[in-house]
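kindly generate the corresponding structure for this input.
(one chain, ligands or ions: 2)
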Amino acid sequence: MTKTETKSTVLVKHHLKQLKLPTMHGECEKVAARSAQENLDHLAFLLALCELELVDRERRAADRRLKAARFPAHKTLDEFDFAAQPSVNKPLVLELINGEYLSKRENLIVVGASGTGKTHLATALGMAACLSGKKVRFFRVTELITTLIESRDEKSLLRMRSQLAKQDLLILDELGYVPASKVGAELLFDIIATAYERQSLIVTTNLPFENWTEVLGSERLTGAALDRLTHRCHILETTGESYRLKDAQKRRRRKPQE
Ligand code: ADP
Ligand code: MG
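Ligands and ions are numbered 1, 2, ... in the order given. You can find the predicted model right below:
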């Protein structure tokens, strides 16, 4: 390598760093060598390098969105065994995974008993949304209510609400296990009302609609919440046995007898 080449390499790498193009910074020498070998012209070389940066940038952004969404576990649709849960409307799930409901600001309510795959499906849909460029935030309902009450006490409720309003999709998991306090129910309602026709919501619950008053307290609030949630809404039912239970039984049977 001549002196000038070394100098231009150093400068190019310095500039690429300044320009915040880390993949081009890391790959430029390799791609330059390969392009020379393949007799590519300058623009073809630049194109190859730009493409690497773009692909990497998209991957980094998707990673950031996945992290920011705070999913409780990594779950995908590939890992969901539809045969084990025949009650689940598979065509609907496959339609939802394409994400059109998000651009139409439609909601999804997943209803079913414990262990029937509600959180799994909600997470898989949320992860797919992240990968397609959407901003998602996952909450257990009790955790969301606690956070909202804390923010209110610390006078940061406005900031919290505007953060939530920036998301394309909010996942509210496990509505129904714990009744909310009056304040909690009102704060939760406020999130549902704000999201109405602006963001999509996925709510998972073990409670049929007629029992939602048990969580939200007042009939009036429950009616108003359901009215907004169900206006443009898909409903997915996961009836049937608990997958956890079946899985545990299978494992137990598989264990060799002592
Ligand atoms: P729920 O939220 O309805 O209580 P989960 O989604 O948490 O249930 O499911 C419990 C466990 O069983 C999770 O580990 C989930 O990945 C798994 N699971 C549930 N249903 C299925 C299924 N049909 N195929 C594969 N795994 C499943
Ligand atoms: Mg769950």
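
report whether the helix or strand harbouring residue 253 contacts ligand 1.
Using DSSP states H and E, residue 253 sits in helix 243-254. Yes - using Cβ under 6 Å from any ligand atom, helix 243-254 reaches ligand 1 at 243, 244. Heads up, the C-betas are built off the backbone N, CA and C, glycines and all.

near ligand 2, which residues of the stretch 101-250 of the chain?
118, 119 (Cβ under 5 Å from the ion).

now the strands for the stretch 101-250 of the chain?
Taking DSSP state E, counting those that start in this stretch, the strands of the stretch 101-250 of the chain run over residues 107-112, 136-140, 169-175, 200-205, 233-238.

and the nearest residue to residue 187 once chain neighbours are set aside, what does it touch?
Spatial nearest neighbour of residue 187, chain neighbours left out: residue 148 (4.1 Å); criterion: Cβ to Cβ, 6 or more residues apart in numbering. By Cβ atoms under 8 Å, 6 or more residues apart in numbering, residue 148 lies in contact with 157, 160, 184, 187, 188, 191.

could you redo the last one with a cut-off of 10 Å?
139, 157, 160, 161, 164, 183, 184, 186, 187, 188, 190, 191 (Cβ atoms under 10 Å, 6 or more residues apart in numbering).

then residue 134?
Counting by Cβ under 10 Å, 6+ apart, residue 134 has contacts 65, 69, 99, 102, 103, 126, 128, 167, 168, 169, 199, 200.

mind checking pLDDT for it?
Among the per-residue scores, residue 134 shows a pLDDT of 98.

not counting residues beside it along the chain, what's closest to it?
For residue 134, the closest residue by Cβ to Cβ, 6+ apart turns out to be residue 168, at 4.0 Å.
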